[in-house]
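>>> requesting a structural model of the entry that follows:
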Amino acid sequence: PENVAAAKAMGMAATIFHWGLHPWAIYAVVALALALFSFNKGLPLTMRSVFYPIFGERTWGWPGHVVDILAVFATLFGLATSLGFGAQQANAGLNFVFGIPVSVTAQVILIIGITAVALISVLRGLDGGVKVLSEINMLIAALLLVFVIAAGPTSALISGFFSNIASYAKEIVPLSMPFGREDDGFRQGWTAFYWAWWISWSPFVGMFIARVSRGRTVREFVICVLIIPTIVSVLWMTAFGGTAIEQALTLEGSKVHEYVIASYSPELSLFGMLADLPMASITSFIAIVLVIVFFVTSSDSGSLVIDTITAGGKVDAPVSQRVFWCTFEGLVAIALLLGGGLGALQAMAVSTGFPFTIVLLLACYTIIKGLLDEPR
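Numbering: from 1, shown residues only. Modelled structure (predicted):
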């Protein structure tokens, strides 16, 4: 029992470690840099503006072009990776609920469908498309979260929320150490991949955060971008992960045990957990819709961000450019899926995220320099 409790605590700590403060800190660096140099310094809302303290007027020459190109490639392939993973999970869910075969063909059709809906959203604009879909997505996610907490082991989840935060605080430094780890495969296959994935998403998420942060103080910005999303992430992981762990440990013949432990199929883990709760067919269908809508909103909003970067910071570029980038994202995801499946998707996220890491490190310096130059 002690070993089980320790393994459970470490498992939740590692999960929150990958989805907690670290990714939101990455997004915060990009968002704060963009907001500072765009709103306070009057520069265009694009990644090259962040490097004005380093390059000066050369920012509008080839050094700035390199920064923007890296941002576009990171965002493009980060989104394509997400589309590929989303198609695989949606396909697994459709197989679980409706018996639709799991195949590359089905996943390609799903990517085409997601891209088509994203195109409609892009054509409708930020308020008529992206905003509406995002609000629908948040409502569905909130309803599913409340259901899992209510239908699952409620008291264990409530106490687990606080114990998981404690485990995360205890293990965050050991988990962050790049050396001296016995399980090097875990570090390379999970942590390194997650960090690269978050970094590849940082221009996309950072620009959206920057656009909605105008008028906030840096203190308010940090609280809203780092603390609140991390707490919500802990709650989400506790509800879904904690329920799945309880099922695997206490429920004989649970679907989670079958899909995750007996035969490692992570794309089915969500549906396996829901299968052992009431109204499984309804909630599984809702979960499929949630996955699809999430990647639709990622695709359409990502297209807007790439379009803004390639248009030199303009937020009202021609719609045809947005259509091009949205379509191109879907084509890249299909190419990666056909070319190498899961391995190709992971490799592309890592290979585009790594060079952008250098951009983020330099952005940390320019943020400090930009804040020090602010009038007191």
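
>>> pLDDT weak spots in the stretch 251-376 of the chain?
Residue ranges of the stretch 251-376 of the chain with pLDDT under 70: 315, 341-342, 376.

>>> could you list the buried residues of stretch 212-229?
213, 221, 225, 226, 229 (16 or more other CB atoms under 10 Å). (Glycine included, C-beta is placed from N, CA and C.)

>>> elements contacting the helix ranked longest in the chain?
When the chain is parsed with DSSP state H, its longest helix is helix 319-372. The contact analysis (3 or more CB pairs under 8 Å, 6 or more residues apart in numbering; DSSP states H and E) places helix 319-372 against helix 21-35, helix 52-55, helix 62-98, helix 104-125, helix 192-211, helix 280-310.

>>> export those helices to CSV and append columns for mean neighbour count and distance to residue 14.
Formatted as CSV, the helices and strands packed on helix 319-372 follow (neighbours: other CB atoms under 10 Å; distance: least, CB to CB, whole Å):
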stretch, mean neighbour count, distance to residue 14
helix 21-35, 22, 12
helix 52-55, 17, 36
helix 62-98, 22, 19
helix 104-125, 19, 28
helix 192-211, 24, 10
helix 280-310, 22, 23
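
>>> make TSV from those and add distance to residue 340 to it.
Below are the helices and strands packed on helix 319-372 laid out as TSV (distance: least, CB to CB, whole Å):
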stretch	distance to residue 340
helix 21-35	25
helix 52-55	37
helix 62-98	10
helix 104-125	11
helix 192-211	15
helix 280-310	20
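
>>> which one of those helices lies closest to residue 272?
helix 62-98 (8.1 Å; CB to CB).

>>> what's the neighbour count on the closest residue in space to residue 374 that isn't next to it in sequence?
Closest residue in space to residue 374, ignoring its immediate chain neighbours: residue 40 at 6.7 Å, by CB to CB, 6 or more residues apart in numbering. Residue 40 has 14 neighbouring residues, counting by other CB atoms under 10 Å.

>>> so residue 40 sits right up against residue 371, yeah?
No. The pair residue 40 / residue 371 is not scored as a contact, 9.2 Å apart, by CB atoms under 8 Å.

>>> so where's the stretch 51-200 of the chain uncertain?
If you take pLDDT under 70 as the line, the stretch 51-200 of the chain has these spans: 125-130, 178-184.

>>> picking that back up, from the buried residues of stretch 212-229, which land in strands?
Using DSSP state E, no member of these sits in strands.

>>> let me have the residues you listed in a markdown table, adding distance to residue 86 as columns.
Shown next, in a markdown table, are these (distance: CB to CB, whole Å):
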| residue | distance to residue 86 |
| --- | --- |
| 213 | 27 |
| 221 | 29 |
| 225 | 24 |
| 226 | 26 |
| 229 | 20 |
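
>>> filter those residues down to the ones in helices?
With helices defined by DSSP H, the entries of those inside them are 221, 229.

>>> just the buried residues of stretch 212-229: which has the poorest pLDDT?
Looking at the buried residues of stretch 212-229 by pLDDT, the weakest one is residue 213, with 87.

>>> list the contacts of that one.
Taking CB atoms under 8 Å, 6 or more residues apart in numbering, we find residue 213 in contact with 31, 35, 221, 224, 225.

>>> next one: residue 167
Counting by CB under 8 Å, 6+ apart, residue 167 touches 9, 10, 12, 13, 16.

>>> residue 274 contacts residue 287, correct?
Yes. Using CB under 8 Å, residue 274 is in contact with residue 287, at 6.2 Å.

>>> ok, back up a step: so which of the helices and strands packed on helix 319-372 comes closest to residue 153?
Counting by CB to CB, residue 153 lies closest to helix 280-310 out of the helices and strands packed on helix 319-372; the figure is 16.1 Å.

>>> which elements pack onto the closest one?
Counting by 3+ CB pairs under 8 Å, 6+ apart, helix 280-310 packs on helix 62-98, helix 104-125, helix 131-151, helix 192-211, helix 269-275, helix 319-372.

>>> now do that helix against helix 319-372, angle only.
Interaxial angle of helix 280-310 relative to helix 319-372 (axes from the mean of the first three to the mean of the last three CA atoms, to 10 degrees): 80 degrees.

>>> quick thing: my sequence starts at 24, can you match it?
Taking 24 as the first residue, the last one we looked at is helix 303-333.

>>> between helix 303-333 and helix 215-234, how many degrees?
Going by the same axes, to 10 degrees, helix 303-333 is angled at 70 degrees with respect to helix 215-234.

>>> tell me how far the ends of stretch 282-289 are from each other?
Start and end residues of stretch 282-289 are separated by 7 Å (CA to CA, to the nearest Å).

>>> buried ones in that stretch?
282, 283.

>>> next one: stretch 379-397
Neighbour-count burial for stretch 379-397 flags 379, 380, 382, 383, 385, 386, 389, 390, 393 (criterion: 16+ other CB under 10 Å).

>>> would you mind giving those as a markdown table with distance to residue 141 added?
Shown next, in a markdown table, are these (distance: CB to CB, whole Å):
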| residue | distance to residue 141 |
| --- | --- |
| 379 | 23 |
| 380 | 28 |
| 382 | 26 |
| 383 | 27 |
| 385 | 32 |
| 386 | 28 |
| 389 | 32 |
| 390 | 32 |
| 393 | 34 |
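
>>> so which of those comes closest to residue 354?
Using CB to CB, the buried residues of stretch 379-397 come closest to residue 354 at residue 379, 21.6 Å.

>>> pick the one among the contacts of residue 190 closest to residue 279.
Nearest to residue 279 among these, with distances taken as CB to CB, is residue 35, at 14.8 Å.
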